[in-house]
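In: 3D, please:
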Amino acid sequence: MRFGQACAEEAEHFTERGLDIGLKTHLLGIGWYVRFNVIIETATLFHLALSRTHAADIVGINMRLKENWRHWSTEQSKDFLRSGPEGKAHPSRAKTLSLLDGMSSVLDVGCGTGVMFELIRDLGLHIDYLGIDVTEKFLEVAQSLYPEDRHRFRRMSLYETKKLRRKFDAVICRHVLEHLPDYVPAIQSLYSCAAKKLILVFYLPPRPLRSKRKLDEHYQRGFYTHTYDLGTFLDHVLNKLSPLPREVRIHPRQGRSDSRYPWGDRYNIIYEVIRRSANKAS
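Out: You can find the predicted model right below:
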């Protein structure tokens, strides 16, 4: 009887987070084969919830489940990009931190659960930090982990940065541009907030595409995973931003992703876009 009650409570917990709504949405207008797979994935998630499996374990079991992060519990979300092959020790994070040398403020776009803030704090760097994200669950985790600094995490889209009415010495955008319909308006919005530099980190590095400016590789259903054309992207950051940057530095081979994913053989790459004036940005 107690086990049945526990199952009912877990089912209610997941229902409150919209799992049933997501399932109904997936089942409308799709074939029987896809319906079967969606049901199997949902059943797997439910089983993992009952066993209190954390996010790192969920991702490791089945790559296709990674897209269901919107439905994770607070406990599961704590591990997301904090541990494992793509966690705190990833080379791209260490390189990003080194690029913050001499910076007094930073805007972390797509801050998630506050991993970058944690690294900055652990290193004792005196940087005025603000993290923004559109995922409420991740922000709740960040605020619960750092209650004294909860004001440093805000729910905001990267397209809304004008509302901040300030600039930051550095703006970081890590593993976000791949998931947008187009990088052009996003990069300009981010660059406009940067007083000194914009740091863009890709896990799907731009590469030459024969006749396309972008390619959605469909790694995660319902979630853009774009690879951008290298020449078009470089031309944009070098010649299309307003005002034009002083220089663009490229930092290749900054660690790979989890080898269990289809993109696991690709190296992260960092583009450091430096503004013309370090002291007075227009």
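In: now the stretch 151-282 of the chain, which segments are flagged as low pLDDT?
Out: Low-confidence segments of the stretch 151-282 of the chain (pLDDT under 70): 222, 278-282.
In: Please enumerate the strands of it.
Out: Secondary structure of the stretch 151-282 of the chain by DSSP state E, counting those that start in this stretch: the strands cover 153-155, 168-174, 194-202, 214-216, 226-228, 247-251, 269-274.
In: Now mean neighbour count and distance to residue 87 too, for these, in JSON lines please.
Out: For the C-beta atoms, the positions are set from N, CA and C on the backbone; glycine is no exception. As requested, the strands of the stretch 151-282 of the chain are exported to JSON lines (neighbours: other C-beta atoms under 10 Å; distance: least, C-beta to C-beta, whole Å):
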{"stretch": "strand 153-155", "mean neighbour count": "18", "distance to residue 87": "19"}
{"stretch": "strand 168-174", "mean neighbour count": "24", "distance to residue 87": "13"}
{"stretch": "strand 194-202", "mean neighbour count": "24", "distance to residue 87": "14"}
{"stretch": "strand 214-216", "mean neighbour count": "15", "distance to residue 87": "26"}
{"stretch": "strand 226-228", "mean neighbour count": "21", "distance to residue 87": "23"}
{"stretch": "strand 247-251", "mean neighbour count": "14", "distance to residue 87": "20"}
{"stretch": "strand 269-274", "mean neighbour count": "20", "distance to residue 87": "17"}
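In: now the ones you listed as JSON lines including distance to residue 127?
Out: Formatted as JSON lines, the strands of the stretch 151-282 of the chain follow (distance: least, C-beta to C-beta, whole Å):
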{"stretch": "strand 153-155", "distance to residue 127": "15"}
{"stretch": "strand 168-174", "distance to residue 127": "8"}
{"stretch": "strand 194-202", "distance to residue 127": "12"}
{"stretch": "strand 214-216", "distance to residue 127": "33"}
{"stretch": "strand 226-228", "distance to residue 127": "29"}
{"stretch": "strand 247-251", "distance to residue 127": "20"}
{"stretch": "strand 269-274", "distance to residue 127": "17"}
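In: closest to residue 137 out of those strands?
Out: strand 153-155 (10.5 Å; C-beta to C-beta).
In: On the pLDDT front, check residue 65 for me.
Out: For residue 65, the model assigns a pLDDT of 41.
In: and what of residue 125?
Out: Looking at residue 125, the pLDDT reads 94.
In: which ones are touching the residue lying closest to it once chain neighbours are set aside?
Out: Nearest non-adjacent residue to residue 125, counting by C-beta to C-beta, 6 or more residues apart in numbering: residue 100, 6.9 Å away. Residues in contact with residue 100 (C-beta atoms under 8 Å, 6 or more residues apart in numbering) are 106, 120, 125, 127, 170.
In: Which residues does the last one form beta bridges with?
Out: Okay, so that is residue 170. Beta-bridge pairing for residue 170 (DSSP bridges): residue 106, residue 197.
In: What separation do you get for it and residue 257?
Out: 24 Å (C-beta to C-beta, to the nearest Å).
In: Next: the fourth one.
Out: Taking C-beta to C-beta as the criterion, residue 127 is separated from residue 257 by 27 Å.
In: And for the first one?
Out: Separation of residue 106 from residue 257 (C-beta to C-beta) stands at 24 Å.
In: Among the two, which residue is more densely surrounded?
Out: residue 106 (25 against 20; other C-beta atoms under 10 Å).
In: What ranges in the stretch 1-150 of the chain fall below the confidence cut-off?
Out: Using pLDDT under 70, the stretch 1-150 of the chain drops low at 1-72, 79-81.
In: Let me see the ranges of the strands in it.
Out: Using DSSP E, counting those that start in this stretch, strands in the stretch 1-150 of the chain cover 105-109, 128-133.
In: Out of those, flag the one nearest residue 227.
Out: Within the strands of the stretch 1-150 of the chain, the stretch nearest residue 227 is strand 105-109; the backing value is 20.0 Å (C-beta to C-beta).
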